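**Student:** predicted model and sequence follow; I will ask about them next.
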Amino acid sequence: MNVLKRYRLRLRRKRWRLRAMRKRHELSAVSDRTSLIRPGQILVFSTFRNEDVRLPHFLRYYRDLGVDHFLMVDNGSDDGGREYLAGQPDVSLWTTEASYKRARFGVDWLNGLQSRYGHGHWCLVVDPDELLVYPFCDTRPLQALTDWLDASSIKAFGAMLLDMYPKGPIDEAVYRRDDDPLTVASWFDAGNYMISRNWRFGNLWIQGGPRARVFFPDKPARAPALNKIPLVKWKRHYAYDSSTHNLLPRGLNLVYDEWGGEKASGVLLHTKFLNSFTTKAEEELKRRQHYAGSHEYRAYAATLKDNPDLWCRWSEKYINWRQLEVLGLMSKGNWA
Amino acid sequence: MTPVLGVVMLVHTAFDRAEQVIRHWVSGGCPVVVHVDANVPARVYAIFAARLSDLEMVKFSRRHRCEWGTWGIVAATQSAAELLLSSWPGLRNVYLASGACLPLRPIEELQDYLNDRPGTDFIESVTTADVHWTVGGLSEERFTLRFPFSWRRHRRLFDTYVRLQRRTGLVRKIPDGIDPHMGSQWWCLTRRTLTAILTDPDRPRLERYFRKVWIPDESYFQTLARRYSHRIESRSLTLTKFDFQGKPHIFYDDHIPLLRRSDCFVARKIWPRAEELYQAFLGPTSYGAQISEPNPGKIDRLFSKAVERRTKGRPGLYMQSRFPNEGWENGLTSSPYSVFQGFTELFEDFEPWLARTTGARVHGHLFAPTRVEFEDGQPVFAGGLSDSTALRDYHPRMFLTNLIWNTRGEHQCFQFGPRDSQKVIWDIAKDSHARVSVISGGWAVPLFRSDLDFAELRAEAARLQKIEAEHLNVLRSYYAKARIRIWSMAEFLEEPMENLQQVIAEIAAKGSVRIAEAPRLRDLSGFGQFLQQLRNQGMQPHLIGEFPVNPPSDTTAPPRRKPYLVR
């Protein structure tokens, strides 16, 4: 990587930071409880739109892991989710009607909040339909992980997106508010992921899973990226580049080992495919607020007409993190 | 009862846990001298000291600044040990512990254990030549180089200065009477040995030397104990495991059963928030009064496995946190598999026959141009692999590695040929797990049996031969690591059963497989003339070998022969 390229990335990072600062004005605080944040606490950053049904379980899941504070951005919800969150004692909430697309799919908003409130904290950036699983998550709280990462001088922790789906047509997977979505969408693809390296940013680019298998079998290059780096010991000058797929400075993207070993990693269980998905996909297609001309949502809509079944006889049923470890989807690395 | 075992405890963080452990030592009858790192703010120190003021058996020693790898830690230990020995003249043993150390067995058991071994110093002490655990290559050089720069704060200066000294050959002289030894920082010494070290008339000179040794807390006492001790047990009573970067592993609540079974006296390091773990070992204990030897074997295995996973990883696995550079895969795939080229062309029922004979998983042409031919024509296979050629060709290498990884424990066989997508040939050739068997020229048989126009046929034959020739070059290249057998079709047909037997023996999931039945050879009568016709049209089918124009009857006859046994 030559000096010029490096300098370009530096400029790019500065640009994202400036942009984040500018976009901060689009946010108006609904309930600002950031004065409760203490040094060393673990923070969740999230942006959402009409996710009221998922929010109670989302909060409970991460509270149980030991998350101390949630910083949430509501993008024009009208389903009561905003009001629900405003009443939660450990949530700071902002709202905006501005364009999701022009905030680079929410990244600008969160970069802004993170540089303001996240500095020096372990920050977890997840969507309401993403549940973090890490090694020993059933016996050790999230802080055990972040303390270990600190002690090992590791600044970023990778957790790839694992699409979960129900058995049977998506429309029939009925999810009720407050339920555990994994009881409905409990299946996943264990071993059809394709990885290549993004030399410019130093991150891995992972595609595959049921979305590539069912929605993009003919255009694999367009299948959505599954690599994510959601947990970072944040510094003011960091910036997410494209969603949580990669960050700048690029050294943070090296969450994998290049010499044959395995670094510790987790998985984000992605519970997108529930009965709510069909209506959501239609709505998102109309709003045209998604990545690359929403081609992803166009592909969904095309296939969803037939109410597909993502399940196949080789699907795996989710049990726990150890199962994912054995399957090679995540690793304990040298944490024991 | 006058105390016989005293504790020196070095504390710099997690003061509530330190207090808990100090109270535990004291309740077991051990006086404790606490050293608090001088980097800790005075206010925090004052609160901590005040909380322990009710205990007469606890004293605080003069504070030193402790930075990892520097002399401060030794100075702290010296001050605290001096205070401990002078305050409790009856002590026979001194245990060095940290705030993150946790006694696993009742203190009385430790005292009994030491009483049974009077005059023994428990200190790991190994000569520099025998040390294997040092990270970063500094073992003997710890004693011969100078380290004026902080490793933590000025890493680059540290490294540069070390390199400079190596290059210039400027080394320190090791003082007389010193035989450098290293070992775990955590020891349990007798009063005799410790007093001898602390009151050595030579101490100022030795100190001057050790102040500039790298990580003196792992060498000062370890070296000097050799000078004075009468009986050294070269092991630490504190269970402490290090990871591949030389940092101690941390224990959590889920390690309780493991720690119980270890029978070790003290463990470090404990995660300060491991509430259940502290409860389990500092609460009222149900431990029997047996005096068993510490047995850290189980824990050793657990942690050495963790180190191996971090450094070597699982061969054949490519995932979000393991993506080796070319050549560092430690095995391109996870287990052996077989690739057959030209066999289905030659034998009518090769695939079902192979499956019956070997019990392996037999696929068709996985890299076929129209669809991925998984076993029984399944649209999806293990792990969710799709039969879409676009997905496969998007990343052929990962298609292969995924397939082999997803079917660990089975042997995969698949057909290959010049009609297939060739992108994967280098990966297979370079993979030591691949067993590649090629009957070159096999592609000619379907052409021979087809009713294509002869001009088209000739062009197709030339195309396939060219592709296969390139593939064979790859297989014969210097880089190929696969187990490779190549026959020309004519060669193969000279001894078909013997050749098949060789190929089958390689798969041999069940040991030595004997062929009980032969696959049916296709009818090749007229094949020789077909080849001659190709030649007459100006093409040279050289990969097929010397096939007679009018072959002797037995090569065309096999279908009508009775299957026979080969040993």
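**Tutor:** Here it is on my side, so go on. Bear in mind that the values here come from a model prediction, so they are computed numbers and not experimental data. Residues are numbered from 1 along each chain as shown, chains lettered A, B, ... in the order given.
**Student:** how close does the residue in chain A positioned nearest to chain B sit to B:Asn402?
**Tutor:** At 2.5 Å from chain B, A:Gly191 is the closest residue in chain A, using C-beta to the nearest C-beta. C-beta coordinates here come from the backbone N, C-alpha and C atoms, glycine included. Going from A:Gly191 to B:Asn402 by C-beta to C-beta, to the nearest Å gives 5 Å.
**Student:** who touches both of these two?
**Tutor:** B:383, B:385 (C-beta atoms under 8 Å, 6 or more residues apart in numbering or on different chains).
**Student:** follow-up on the earlier one: list the contacts for the residue of chain A closest to chain B?
**Tutor:** A:Gly191 is in contact with A:327-328, B:382-385, B:402, B:405-406, counting by C-beta under 8 Å, 6+ apart.
**Student:** residues of the helix or strand where B:Asn473 lies that come out buried?
**Tutor:** B:Asn473 is part of helix B:454-475, with elements assigned from DSSP states H and E. Applying a neighbour-count criterion of 16 or more other C-beta atoms under 10 Å in any protein chain shown, one finds B:457-458, B:460-462, B:464-465, B:467-468, B:471-472, B:474-475 buried in helix B:454-475.
**Student:** next one: B:Asp179, what pLDDT does it get?
**Tutor:** Per-residue pLDDT puts B:Asp179 at 86.
**Student:** what's around it, how many residues?
**Tutor:** 11 (other C-beta atoms under 10 Å in any protein chain shown).
**Student:** what's the separation between it and B:Leu138?
**Tutor:** 18 Å.
**Student:** likewise B:Phe149?
**Tutor:** From B:Phe149 to B:Leu138 the distance is 14 Å (C-beta to C-beta).
**Student:** sec struct for the residue in the stretch 301-450 of chain B positioned nearest to chain A, please.
**Tutor:** At 2.5 Å from chain A, B:Gly383 is the closest residue in the stretch 301-450 of chain B, using C-beta to the nearest C-beta. Counting by DSSP: H, G, I helix; E, B strand; the rest coil, the backbone at B:Gly383 sits in helix.
**Student:** sorry, back to before: kindly format the C-alpha coordinates of the helix holding B:Asn473 as CSV.
**Tutor:** Output of helix B:454-475 as CSV, limited to C-alpha atoms (Å, rounded to 0.1, in the frame of the first residue of the first chain):
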residue,chain,number,x,y,z
PHE,B,454,-17.7,-35.3,-38.2
ALA,B,455,-16.3,-31.9,-38.9
GLU,B,456,-17.9,-30.6,-35.7
LEU,B,457,-16.7,-33.7,-33.9
ARG,B,458,-13.1,-33.2,-35.0
ALA,B,459,-13.1,-29.5,-33.8
GLU,B,460,-14.6,-30.6,-30.5
ALA,B,461,-12.0,-33.3,-30.1
ALA,B,462,-9.2,-30.8,-30.8
ARG,B,463,-10.6,-28.4,-28.3
LEU,B,464,-11.0,-31.0,-25.5
GLN,B,465,-7.6,-32.4,-26.1
LYS,B,466,-6.0,-29.0,-25.8
ILE,B,467,-7.8,-28.3,-22.5
GLU,B,468,-6.8,-31.7,-21.2
ALA,B,469,-3.2,-31.2,-22.2
GLU,B,470,-3.1,-28.0,-20.3
HIS,B,471,-4.6,-29.7,-17.3
LEU,B,472,-2.0,-32.4,-17.5
ASN,B,473,0.8,-29.8,-17.6
VAL,B,474,-0.6,-28.4,-14.4
LEU,B,475,-0.8,-31.8,-12.8
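**Student:** other residues contacting the helix or strand following it?
**Tutor:** Using DSSP H and E, the next helix or strand after helix B:454-475 towards the C-terminus is strand B:483-488. For strand B:483-488, the external contacting residues (C-beta under 8 Å, 6+ apart) are B:429, B:432, B:434-441, B:472, B:475-476, B:499, B:502-503, B:506, B:543-545.
**Student:** point out the residues in the stretch 401-550 of chain B that sit beside chain A.
**Tutor:** With the criterion set to C-beta under 8 Å from any C-beta of the partner chain, the stretch 401-550 of chain B comes near chain A through B:402, B:405-406.
**Student:** what sits up against stretch B:272-280?
**Tutor:** Contact with stretch B:272-280 is made by A:141, A:143-144, A:147, B:13-14, B:16-17, B:20, B:100, B:102, B:251-253, B:255-256, B:259-260, B:270-271, as judged by C-beta under 8 Å, 6+ apart.
**Student:** for stretch A:315-328, which residues meet the burial criterion?
**Tutor:** Neighbour-count burial for stretch A:315-328 [16+ other C-beta under 10 Å]: A:315-316, A:318, A:321, A:324-325, A:327-328.
**Student:** correction: stretch A:40-54
**Tutor:** By 16+ other C-beta under 10 Å, the buried positions in stretch A:40-54 come out as A:41-54.
**Student:** so which of the residues you listed also contact chain B?
**Tutor:** Among those, no residue is within reach of chain B (C-beta under 8 Å from any C-beta).
**Student:** in strands, which of those fall?
**Tutor:** Taking DSSP state E, the ones among the buried residues of stretch A:40-54 that sit in strands are A:42-48.
**Student:** show me the shaky parts of chain B.
**Tutor:** Scanning chain B with the threshold set as pLDDT under 70 gives B:1, B:131-137, B:285-291, B:508-514, B:550-567.
**Student:** walk me through the domains of it.
**Tutor:** Per automatic domain parsing, the structural domains of chain B span B:5-133+B:181-202+B:210-311, B:337-560.
**Student:** can you tell if the helix or strand of chain A with the lowest mean pLDDT touches chain B?
**Tutor:** The helix or strand of chain A with the poorest confidence is helix A:291-304; it has a mean of 74 (mean pLDDT, DSSP states H and E). No. Counting by C-beta under 8 Å from any C-beta, no contacts exist between helix A:291-304 and chain B, the nearest distance being 13.6 Å.
**Student:** then that helix to CSV, C-alphas only?
**Tutor:** Output of helix A:291-304 as CSV, limited to C-alpha atoms (Å, rounded to 0.1, in the frame of the first residue of the first chain):
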residue,chain,number,x,y,z
TYR,A,291,-28.0,0.4,-1.1
ALA,A,292,-27.1,0.4,-4.9
GLY,A,293,-30.5,1.3,-6.2
SER,A,294,-32.2,-1.1,-3.8
HIS,A,295,-31.3,-4.0,-6.1
GLU,A,296,-31.2,-6.2,-3.1
TYR,A,297,-34.8,-5.4,-2.3
ARG,A,298,-35.8,-5.8,-5.9
ALA,A,299,-34.5,-9.3,-5.9
TYR,A,300,-36.3,-10.0,-2.7
ALA,A,301,-39.6,-8.7,-4.1
ALA,A,302,-39.2,-10.8,-7.2
THR,A,303,-38.7,-14.0,-5.3
LEU,A,304,-41.0,-13.2,-2.4
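**Student:** which parts of it are buried?
**Tutor:** For helix A:291-304, a neighbour-count test (16+ other C-beta under 10 Å) marks A:294, A:296-297, A:299-301, A:303-304 as buried.
**Student:** now swap in stretch B:225-245 and tell me
**Tutor:** Along stretch B:225-245, the positions that meet the burial threshold by neighbour count (16+ other C-beta under 10 Å) are B:225-229, B:232, B:234, B:236-241, B:243.
**Student:** those residues: which two are farthest apart?
**Tutor:** Distances among those were taken as C-beta to C-beta; the most separated pair is B:Tyr228 and B:Asp243, at 32.9 Å.
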